[in-house]
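S.K.: Structure, please.
(2 chains)
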Amino acid sequence: MTGTRSATIFALALLAPALIYILAIVAYPLVDTIILSFTNASLRQEYDFIGWANYQRIFSAGNFTEVILRTFIWTFFSVSIKMIIGMFGAVLLNAAIPGQTVFRILTMPPWIVPMAIGIFMWGWMYNGQFGMISGLLQNFGITNGPVAWLAYGNTAFWATIITDVWIGVPMVTIYFLAAMQSIPKDLHEAAWTDGAGRFYRFRRITLPLMVPAIITMSLLSLIATFNSFDIIWILTQGGPSGSTTTMIIDTYKTAMGSRKYGEGAARAVVISIFVTIFCIVYFRAVRKLQQGEAK
Amino acid sequence: MSQLSLKRLEKSFNEARIIKGIDLDVSEGEFVVFVGPSGCGKSTLLRMIAGLEDVSQGEIEIGGRVVNELPPVQRGIAMVFQSYALYPHMSVYENIAFPLRVEKLPQAEVESRVQAAAKVLQLESRLQHRPGQLSGGQRQRVAIGRAIVRQPKIFLFDEPLSNLDAALRSEMRIELMELHKRLGSTMIYVTHDQVEAMTMADKIVVLDAGTIAQVGSPLDLYHKPDNLFVAGFIGSPKMNFISGKVRKADGTWATIDLGALGVIDLPRTSTAIAGQDVTLGIRPEHLELGDGEFTLETRPNIVEQLGIHTITYSTLPGGENFIGLFEGNPELADNQPVRMSFATDKVHLFDAKGLAVY
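M.R.: Next comes the predicted model:
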């Protein structure tokens, strides 16, 4: 009896640091945000509980649904492009070509360079007057004059996606490469002796066997991209005229820009709900895939 | 006419020569087994025939045509891999049908060929299952099924039974032999297990460090090994080797000094071995208890009673291990002196280079 009890105490003691950390860093802010979302907190010292008013306001003002939609479109394109380029990259890096190791190393810089530096670099490249992209396009005679990519809603939207893709691709590529290399070589050899060409083998063997990796990476990337803040904030701060304002930018602007802490909290709670749903889908998918493997 | 010919075949990986000039002919319908210890190049040789490894030098001819540069599918071969290489995400049916799908055969043709293969291999009730739901033996059969549907001229098997347990292995061995009889196709089979080689092969190719040590029928190899390597590799338990020195070789008899064991006279016509260090080989099953033509006394440190026969393990005065295999259950005890003998016509003799002397 005593043994069991002391074992429990020992286990709790071991868990305590992690538990305290999670309570302080995750649970407390989460609960506090939820409470805050039912108040009219602002720069004033006091605030009142106002029930669902914040939620009613954000959903009745048309632009929030627009922001949600924009966030989904932005995330969809960013994740999809990352997955497609990541898959191509993995296929190329997996090919038996001379200098393979060098190419593998060369994929890493976007991931290794501190994110802010990478984003500032892209900011300069998008610059109309001094930017490399505008300069090159003019040199090749594709555009007549300078194009400030971040100055127009449409181009800014895609520019932020491209930068997010640039930063995210190495991780996806390396993950896919690892998944590809875990497919037994024998399977490809067997298919090759049966006359299956490269593309046929990719379509009928590699791709189906990579489905678990693709699902896992897509969902993880979805969660990270949905919350992507730094890229948009550094490049456009959500502009021009809100064309790159995603939910996280919108929340930050409301809470920190307009100092409407209560309303900002409500917007943050909505993001949390979406991310929670993604996480549930992710964990269910992982469990299902593991069960599938066990079979 | 031979269906498969290897001519001065060589394979190098960078500096390392793995296959060092192999010449071999395989006739249509033969069951040929490549056997040898790990790293002797037998799998590499099979993969070269399959087209999975490039040829560094020499030629591979199948049906009279040099196929060095042809992809596997155009060589008329089908291969069964050691790991089975089944596609885990496809049903048994689709696994077997895979080569036919690649060929884009009409569904009716695919259906009839898959069903025919499934019938031969008793897989009819398993066609909708995934490989993960099958036992080792069934997976093996699916892999064979995938080879059969292509109706190849030559089947290549790369240690196909090594992942199965002992009981299943002997069962599958018999199934494979029956399959060979039924299909009548040429089969080339790689194994490190000399029992598989002895029981299945029409022709055994013993490989040693990238060269052919001997080619012959199982009984040829057993009774007339060309060299020490083959003598030691074929037969279980292994052949006993005793070192000696030829005192005299007059063209009829060779007199060999075996040190502490005494002197033995063997009928040999070679005179070249006079004065040479030689090795005597005697199979454990050719020993008899009690005195005989040449008798020696041993003191077995281990006696294994297997019911059908008894095996003794002892060490000779010269330090060589010495195994005896006797029928039935003679009363033998550990560490007790045992007199055993052998007939001189059962003795193999190898010269200083390890080549057989007759």
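
S.K.: So A:Thr95 versus A:Thr206, what's the distance?
M.R.: Careful, residue A:95 is Ala; it's not Thr. Counting by CB to CB, to the nearest Å, the separation of A:Ala95 from A:Thr206 is 12 Å. In this view, the C-beta of every residue, glycine as well, is placed from N, C-alpha and C.

S.K.: The two: which is more packed in?
M.R.: Taking neighbours as other CB atoms under 10 Å in any protein chain shown, A:Ala95 and A:Thr206 compare with A:Thr206 leading, 20 against 10.

S.K.: Spit out the contact partners of the more buried one.
M.R.: A:Thr206 makes contact with A:91, A:180, A:183, A:188 under the criterion CB atoms under 8 Å, 6 or more residues apart in numbering or on different chains.

S.K.: Doesn't it belong to a strand?
M.R.: No. Assigned with DSSP: H, G, I helix; E, B strand; the rest coil, A:Thr206 falls outside any strand and is helix.

S.K.: any idea how far chain B is from it?
M.R.: Distance of A:Thr206 to chain B, given as CB to the nearest CB, to the nearest Å: 11 Å.

S.K.: Check A:Ala213 too.
M.R.: In this view, A:Ala213 and chain B are 13 Å apart by CB to the nearest CB.

S.K.: Count the neighbours of that residue for me.
M.R.: Using other CB under 10 Å, A:Ala213 has 21 other residues around it.

S.K.: Same question for the one 3 residues further on.
M.R.: Counted with other CB under 10 Å, residues neighbouring A:Thr216 total 16.

S.K.: what's the pLDDT at the closest residue to it other than its chain neighbours?
M.R.: Leaving aside its chain neighbours, A:Thr216 sits nearest to A:Val286 (6.4 Å; criterion: CB to CB, 6 or more residues apart in numbering or on different chains). pLDDT for A:Val286: 84.

S.K.: so is A:Val286 in a helix, a strand, or just coil?
M.R.: Under three-state DSSP, A:Val286 falls in the helix class.

S.K.: Mind listing residues that contact the least confident helix or strand in chain A by mean pLDDT?
M.R.: One helix or strand of chain A scores below all others by mean pLDDT, DSSP states H and E: helix A:100-106, with a mean of 83. Helix A:100-106 is contacted from outside by A:92-93, A:97, A:177, using CB under 8 Å, 6+ apart.

S.K.: what's the answer for stretch B:159-170, then?
M.R.: The contact list for stretch B:159-170 (CB under 8 Å, 6+ apart) reads B:43, B:80-84, B:136-137, B:140, B:143-144, B:172-173, B:176, B:189-193, B:196.

S.K.: Grab the nearest non-local neighbour of the closest residue to chain A within the stretch 251-358 of chain B.
M.R.: Nearest to chain A, among the residues of the stretch 251-358 of chain B, is B:Gly354, at 36.5 Å (CB to the nearest CB). Excluding its sequence neighbours, the residue lying closest to B:Gly354 (CB to CB, 6+ apart) is B:Leu228, at 3.9 Å.

S.K.: Spit out the contact partners of the one you found.
M.R.: The neighbourhood of B:Leu228, defined by CB under 8 Å, 6+ apart, consists of B:241, B:279, B:281, B:350, B:354.

S.K.: did I read that right, A:Leu150 in a strand?
M.R.: No. Assessed with three-state DSSP, A:Leu150 is coil; it does not lie in a strand.

S.K.: Tell me the backbone dihedrals of it, please.
M.R.: The phi/psi pair for A:Leu150 (degrees, to the nearest 10) reads phi -90, psi 0.

S.K.: isn't it right next to A:Ile162, touching?
M.R.: No. No contact is recorded between A:Leu150 and A:Ile162 when judged using CB atoms under 8 Å, the distance being 11.3 Å.

S.K.: From one end of stretch A:93-109 to the other, what's the distance?
M.R.: For stretch A:93-109, the first-to-last residue distance is 15 Å (CA to CA, to the nearest Å).
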